[in-house]
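Novice: no letters, just coordinates:
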């Protein structure tokens, strides 16, 4: 199979779909790899590194798209890339289609076979290709939240950790999955006053066992959620329904009782966001203010730390990519239920239930 990767064109996205190490693995399995010129520079990889791994460098993204059987990316194709979608092409990347109707219809119309990292799911419910970026985003959410609480950035001016004799910041994490757990690790280390909410009591018990009286865990009832959000200096939205739109749990009506300059970091923005006023932003203009509350809603947070996130992502995506390349998509999804769940569109049919429900589309089970 011919594998290709291109430079990401999303604003300030510095990751790349394939590392030289991944290229070497594909080559060792008998495949051919094309890499767009300078695609890996922002992640610390020169064209020479890819050439030494066995790849062929092509001057333009168009060449890579047209000559490849499978395109391995990081972020979803943007509108200028829609023209490259075609029947028979396998697209292997993050898609987040439930929040992107235009791309959904472009994939269906072109009959592209798309495999979304975020919906590949193992039998125990883990999302192996989403996990590493959720770890990065969770840790960054604590860092960015602490920064935007600073007065020069529009925040209330409270230091997350506090100091002796002065109250520390109150932080509410909505969702105790991978994002929430990694945000919690950082915030406990920063000595914040942290409350974590989730509907999964097993997760809350697990966190209680680890952190004890350093944190407060609450069942995510409407009443508990409202109280915890209103008292918070920093709220981290970390809810996830795999493949589907994120629930709008953080209500605008709560804002009037929050402290002016409080910050909401909405990590769920890739799936539409967890607030009623969520809209995607970029690293060069990451925040906006609604009713005195600062919203940080960057949709590609891990793109800010590509030296870490590109390598972490490749560690997770490579095994499934090799399976597709070695066996072909049809045989690969017959052998791997996890990979089958990753297929979002297949020959013009919608094969992800969450996306089908989001846009009222016919659903075909593979």
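Specialist: In hand now; what should we look at? Nothing here was measured: the structure is a model prediction, and the numbers come from that model. Numbering: from 1, shown residues only.

Novice: next one: stretch 86-99 to chain centre, how far?
Specialist: 15 Å (CA atoms, centre = their mean, to the nearest Å).

Novice: can you list the buried residues in it?
Specialist: Within stretch 86-99, the residues that qualify as buried are 89-99, counting by 16 or more other CB atoms under 10 Å. In short, each C-beta sits where N, CA and C put it, glycine included.

Novice: of those residues, closest to residue 27?
Specialist: Of all those, residue 27 sits closest to residue 92, with 17.0 Å by CB to CB.

Novice: bridging residues for the closest one?
Specialist: Beta-bridge partners for residue 92, by DSSP bridges, are residue 72, residue 115.

Novice: can you tell me how far the spatially closest residue to residue 237 that is not a sequence neighbour is from residue 248?
Specialist: In this structure, residue 237 finds its nearest non-sequential neighbour in residue 274, 3.6 Å apart by CB to CB, 6 or more residues apart in numbering. To residue 248, residue 274 is 6 Å away according to CB to CB, to the nearest Å.

Novice: out of the buried residues of stretch 86-99, which are inside strands?
Specialist: Among these, DSSP state E puts 90-93 in strands.

Novice: returning to what we had before: more neighbours, residue 274 and residue 248?
Specialist: A side-by-side neighbour count of residue 274 and residue 248, using other CB atoms under 10 Å, places residue 274 first with 26 against 17.

Novice: helices of the stretch 251-366 of the chain, residue ranges please.
Specialist: Under the criterion DSSP state H, counting those that start in this stretch, the stretch 251-366 of the chain contains helices at 306-327, 329-335, 337-342, 353-359.

Novice: can you say which of those helices is nearest to residue 29?
Specialist: So among these, helix 306-327 is nearest, using CB to CB, at 5.8 Å.

Novice: what residues of that closest one count as buried?
Specialist: 306, 308-314, 316-318, 320-325, 327.

Novice: so how far is that helix from its chain's centroid?
Specialist: On CA atoms, centre = their mean, the centre of helix 306-327 falls 15 Å from the chain's centre.

Novice: touching it from outside, list them.
Specialist: The contact list for helix 306-327 (CB atoms under 8 Å, 6 or more residues apart in numbering) reads 1, 3, 14-16, 18-19, 21-22, 25-26, 29, 31, 40, 42-44, 70, 72, 74, 90, 92, 115, 117, 120, 128-129, 131-133, 135-136, 302-303, 332, 335-336, 338-339, 342.

Novice: can you rerun that using 7 Å?
Specialist: Contacts to helix 306-327, defined as CB atoms under 7 Å, 6 or more residues apart in numbering, come from residues 1, 3, 14-16, 18-19, 21-22, 25-26, 29, 31, 42-44, 70, 72, 74, 90, 92, 117, 120, 128-129, 131-133, 136, 302, 332, 335-336, 339.

Novice: buried subset of the residues you listed?
Specialist: Burial by neighbour count, judged by 16+ other CB under 10 Å, picks out 1, 3, 14-16, 18-19, 22, 25-26, 31, 42-43, 70, 72, 74, 90, 92, 117, 120, 128-129, 131-133, 136, 302, 332, 336, 339 from the contacts of helix 306-327.

Novice: go through the residues you listed and flag which are in helices.
Specialist: Assigned to helices by DSSP state H, the following of the buried ones among the contacts of helix 306-327 qualify: 22, 25-26, 131-133, 136, 332, 339.

Novice: pretty sure residue 343 contacts residue 351?
Specialist: Yes: counting by CB atoms under 7 Å, residue 351 is a contact partner of residue 343 at 5.1 Å.

Novice: show me where the stretch 51-200 of the chain has its helices.
Specialist: 61-67, 101-110, 131-148, 178-189.

Novice: please compute how far the shortest one lies from its chain's middle.
Specialist: Looking back up the chat, that one is helix 61-67. 25 Å.

Novice: now the longest one
Specialist: The chain centre lies 11 Å from the centre of helix 131-148; the measure is CA atoms, centre = their mean.

Novice: ok, residues contacting it?
Specialist: Helix 131-148 is touched from outside by 153-155, 160, 178-183, 186-187, 190, 234, 236, 238, 263, 265, 267, 287, 294, 296, 301-302, 304-305, 308-309, 312-313, 315-316, with contacts defined as CB under 7 Å, 6+ apart.
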